[in-house]
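[1] one predicted model, sequence on top.
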Amino acid sequence: MESIALHPAHAAFLAGRHYATVATLDEDGAPRQAVIWYAHLDDGRILINSRTPRRWCTNLQRDGRIALAIAADAYHWLGITGVVDEAIDDLARSRDDIMLLARRYSEGGTVDPDTEASFRSQPRVTFLVRITGVHDHLEG
């Protein structure tokens, strides 16, 4: 599937600090969901990061299809479908990426040293998701 160009309202919404619910598929086809942090990148992709071997992470490593629901509240949200463009298992890069997300989601962009030490000791992987579809519920 081809990438899509985001409407400016969608890009502006993704720039906000919202939580995403990620949906992946287990080996038996059952859906799996988790609430995660994300960052919308300048190249239009979405960066997500996981500690391994979480189940949703393992699912994405096996099958790169993904759906995200990103919500500001029950009345303002985006639904995104996509595919993993790149799985980055370089440990140093993945740990830098979780720190980028931790700063994005912390008040004032500061992460306490204990949290940083914990993240920097974990096995992690980063996924870059190419957006293939969007539906929104932004007006309401």
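    Looks like it came in fine. Numbers count the residues shown, from 1 in each chain.
[2] could I get the full set of helices for the chain?
    Assigned by DSSP state H, the helices in the chain fall at 8-15, 55-62, 91-105, 113-120.
[3] in a markdown table, list those along with distance to residue 85, mean neighbour count and mean pLDDT.
    The way it works is simple: take the backbone N, C-alpha and C, and place the C-beta from them, glycine included. Below are these laid out as a markdown table (distance: least, C-beta to C-beta, whole Å; neighbours: other C-beta atoms under 10 Å; pLDDT from 0 to 100):
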| stretch | distance to residue 85 | mean neighbour count | mean pLDDT |
| --- | --- | --- | --- |
| helix 8-15 | 16 | 15 | 96 |
| helix 55-62 | 11 | 18 | 97 |
| helix 91-105 | 14 | 16 | 97 |
| helix 113-120 | 23 | 13 | 95 |
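[4] nearest to residue 70, out of the ones you listed?
    Of all these, the one in closest proximity to residue 70, counting by C-beta to C-beta, is helix 8-15 (6.8 Å).
[5] that closest one - contacts with which helices or strands?
    The contact analysis (3 or more C-beta pairs under 8 Å, 6 or more residues apart in numbering; DSSP states H and E) places helix 8-15 against strand 39-40, strand 65-73, strand 76-88, strand 124-137.
[6] now mean neighbour count and distance to residue 7 too, for those strands, in TSV please.
    Listed next are those as TSV, based on neighbours: other C-beta atoms under 10 Å; distance: least, C-beta to C-beta, whole Å:
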stretch	mean neighbour count	distance to residue 7
strand 39-40	18	13
strand 65-73	17	14
strand 76-88	18	10
strand 124-137	19	8
